[in-house]
Every structure is written in structure tokens, then in C-alpha cells.
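> Predicted model, plus sequence, below.
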Amino acid sequence: MIGFFIALISGALMSVQGVFNTQVTKASSIWVANAFVQFSALLVCLCAWLLADRSSFGALFKVEPKYMLLGGAIGAFITYTVIKSMEMLGPARAVMLIVVAQLAVAYVIELLGWFGVEKQPFEWRKVIGMAAAIAGIVIFKWEA
């Protein structure tokens, strides 16, 4: 149950962050805002590490396959695409599309067992749920 609440908090924080980052971009540029976001995230992570963790950074050299270390670089492009989509579509539409894209890609990753994720069987109910989410976007976007 705690995972459910953490996921809800994550979604809420992502939406708020996207709005904040879009506003920062208006005063600077998208890459300046993105660099500041990533740098401030680094500072928060280092503080949390100093206060709570202290595990060795050397463990990163043991990560296999090495492409798994690209999460931070992907994060820079996530920040960029969230800012641009919110700027162009508005927060609600952008977040709906982002969430449906996340859901679709996550389901494909599970189905195919990519990136070390345990392979899951195909389930029609999940496809129907995805279709319902897409229908929700169409209804939300629909103008009378």
C-alpha cells in the first residue's frame, strides 16, 4: 500500500515540477533551466547521501550492462520534453499524454522482458485499460 502512495506522490511532484520548469524556461532558456534542474537535483542527492546513505560510489563501476548508467542522461531529455510539451499543450494535456506513453512503454518492457525486467504474459485487460486511458485523453481534449 505504501508503494501506491509513493507513486501518487511521484505523479503529483512530476506535474508540479513540469510547471515550475516551464516557468523557469520563460525567464532563461530550456537548456539553462534543464541544467539548473539537473544541478539542483545533484545537490539534493548529495545531501541525502551525506545524511542517510554513505554507500560507495565505486559500486557504480560494477553495474552491468553499462548502458544502465544512462538514466541521468535520459533524465535531461525527460526534463526537456516535459518542459516543451507543457509549454505547447498545457499541463493537463501534456501530463495525460506523458502518463499514457509511460504506461505503454512500461507494458512493452514487461511483455518483452527488456532491461532485466521479468517477462510478463500478455493480458487483454491491460490493453483494454490502456485503450480506456487513450479514450480518456480523447474525451478530455474533445471540444464541443
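Received the coordinates, thanks.

> going forward, measure contacts between C-alpha atoms and count neighbours the same way
Fine.

> For the protein, give me the ranges with low pLDDT.
143-144 (pLDDT under 70).

> one more time with 80
Residues of the chain meeting the criterion pLDDT under 80: 141-144.

> Now do the strands in it.
Counting by DSSP state E, no segments of the chain form strands.

> Grab the most central residue of it for me.
What sits nearest the mean C-alpha location of the chain, by CA atoms, centre = their mean, is Ile78, with 6.6 Å.

> Could you tell me how many residues sit around the closest residue to Val32 other than its chain neighbours?
Leaving aside its sequence neighbours, Val32 sits nearest to Thr25 (CA to CA, 6 or more residues apart in numbering; 7.5 Å). Neighbourhood size, Thr25 [other CA atoms under 10 Å]: 19.

> Check Ala94 too.
Neighbours of Ala94 (other CA under 10 Å): 20.

> contacting residues around it?
Residues near Ala94 by CA atoms under 8 Å, 6 or more residues apart in numbering: 82, 85-86.

> go with 6 Å
If you count contacts by CA atoms under 6 Å, 6 or more residues apart in numbering, Ala94 has them with 85-86.

> hmm, back to that, do you know how far the residue nearest to the centre of the chain is from Ala52?
Separation of Ile78 from Ala52 (CA to CA, to the nearest Å): 27 Å.
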